[in-house]
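Undergrad: with the sequence up front, the predicted model follows.
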Amino acid sequence: MTMHKTRIDARFAALKKEKRPALITFVTAGDPDLETSAAILGGLAGAGADVIELGMPFSDPMADGPAIQASSQRALKAGQTMIKTLQMVRDFRAKDDTTPIVLMGYYNPIYVYGNERFIKDAKSAGVDGLIVVDVPPEADDELCLPALKAGLNFIRLATPTTDKARLSAVLKNTSGFVYYVSITGITGAAAPVVNDVQKHVSAIKADTSLPVVVGFGVKSGEQAQALAKVADGVVVGSALVSKIEKSLGSRGEATPATPNAVLGLVKELSAALCTG
């Protein structure tokens, strides 16, 4: 299926010319509240994020570790909904028309919202791509193919246990980039081993011309720098939402330090990747 060039395609093409890896940042929409979350989202590109993954809060995020699970719970408790998440993207787009935004999460909130309605509303809000971790390639007719038809990238995960036969199924309708999960297990659990990552990324690159980015377990500029040498970009999520958690007040509320805690780490990661 041929697609028009998306913001994701344009961003990776520009980074390739600059010979620079992508910094992809993940935060959960509405964490710890809508106003603070919008301020964080609005500051990410200026702090150095090349692509933004915005988590769609869900009550049972089974592939995520404690940090991202807690961020989902905080967002839901604060009243975050899919309508509010899409509005956040709309508001972001009013000020920034170039930074790619990928909605990441689970199928249930999309299904409840309604697939056709979701794809239409996500596209019109200015979303560029989707990562839906619990929709396998066997169910491409359900969400992936309609999303591609609407001009949204559908980004898939490959893992250390993805064998060659499975990889071809994973890559078949993937677009934008491939997200390589550098460790087995949940997000934020362990640190990835660079040599192992290099081997798997090389195997994926042998089968696709798409950029391959590495995520799960990246916590520091040093780690990001090492992984960026063997991939086209790094994804940082748990480390950022942990910064939110640690900045909260005694009742779990946002403090004046909350946005800067996140954006400060993004600046540090971006600086490490630019000098790597």
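TA: Good, I have the coordinates. Just so you know, these numbers come straight off a predicted model, no measurement behind them.

Undergrad: and S202, what helix or strand is that in?
TA: S202 belongs to helix 194-205 when assigned by DSSP states H and E.

Undergrad: and the strands in the stretch 51-200 of the chain?
TA: 51-55, 101-105, 129-132, 153-154, 157-158, 178-181 (DSSP state E, counting those that start in this stretch).

Undergrad: turn the ones you listed into CSV, including mean pLDDT, mean neighbour count and distance to A257.
TA: All C-beta atoms are positioned from the backbone trio N, CA, C, and that covers glycine. Shown next, in CSV, are the strands of the stretch 51-200 of the chain (pLDDT from 0 to 100; neighbours: other CB atoms under 10 Å; distance: least, CB to CB, whole Å):
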stretch, mean pLDDT, mean neighbour count, distance to A257
strand 51-55, 98, 26, 21
strand 101-105, 97, 25, 25
strand 129-132, 98, 24, 29
strand 153-154, 98, 22, 34
strand 157-158, 94, 20, 33
strand 178-181, 95, 25, 30
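
Undergrad: please list the outside residues in contact with the helix or strand hosting L227.
TA: L227 belongs to helix 221-228 when assigned by DSSP H and E. For helix 221-228, the surrounding residues in contact (CB atoms under 8 Å, 6 or more residues apart in numbering) are 21, 23, 182, 191-192, 194, 197, 214, 217-218, 234, 236, 268-269, 271-273, 275-276.

Undergrad: go on, stretch 145-155?
TA: The contact list for stretch 145-155 (CB under 8 Å, 6+ apart) reads 1, 3-4, 6, 8-9, 102, 115-116, 119-120, 122-123, 127-132, 143-144, 173-179.

Undergrad: got the buried residues for that stretch?
TA: Residues 146-148, 152-155 are the ones in stretch 145-155 that count as buried (16 or more other CB atoms under 10 Å).

Undergrad: and what of stretch 39-59?
TA: Here stretch 39-59 shows 39-45, 47-58 as buried, counting by 16+ other CB under 10 Å.

Undergrad: now the helix or strand following the helix holding L227: how far from the chain's centre is it?
TA: Downstream of helix 221-228, the first helix or strand assigned by DSSP H and E is strand 233-236. Centroid separation for strand 233-236 versus its chain: 8 Å, with CA atoms, centre = their mean, to the nearest Å.

Undergrad: CA atoms only for whichever helix or strand comes after strand 233-236, dumped as CSV, please.
TA: Using DSSP H and E, the helix or strand that directly follows strand 233-236 along the chain is helix 238-247. Extracted in CSV, the C-alpha atoms of helix 238-247 (Å, rounded to 0.1, in the frame of the first residue of the first chain):
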residue,chain,number,x,y,z
SER,A,238,9.9,5.1,31.7
ALA,A,239,12.8,7.4,32.7
LEU,A,240,10.7,10.5,31.8
VAL,A,241,7.5,9.4,33.5
SER,A,242,9.6,8.5,36.6
LYS,A,243,10.7,12.1,36.6
ILE,A,244,7.1,13.2,36.7
GLU,A,245,6.4,10.9,39.6
LYS,A,246,9.4,12.1,41.6
SER,A,247,8.4,15.7,41.1
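
Undergrad: need the contact partners of helix 238-247.
TA: Applying CB under 8 Å, 6+ apart, the contact partners of helix 238-247 are 25-28, 31-32, 40, 65, 67-68, 70-71, 74, 187-188, 217-220, 254-255, 257-258, 261-262, 264-266.
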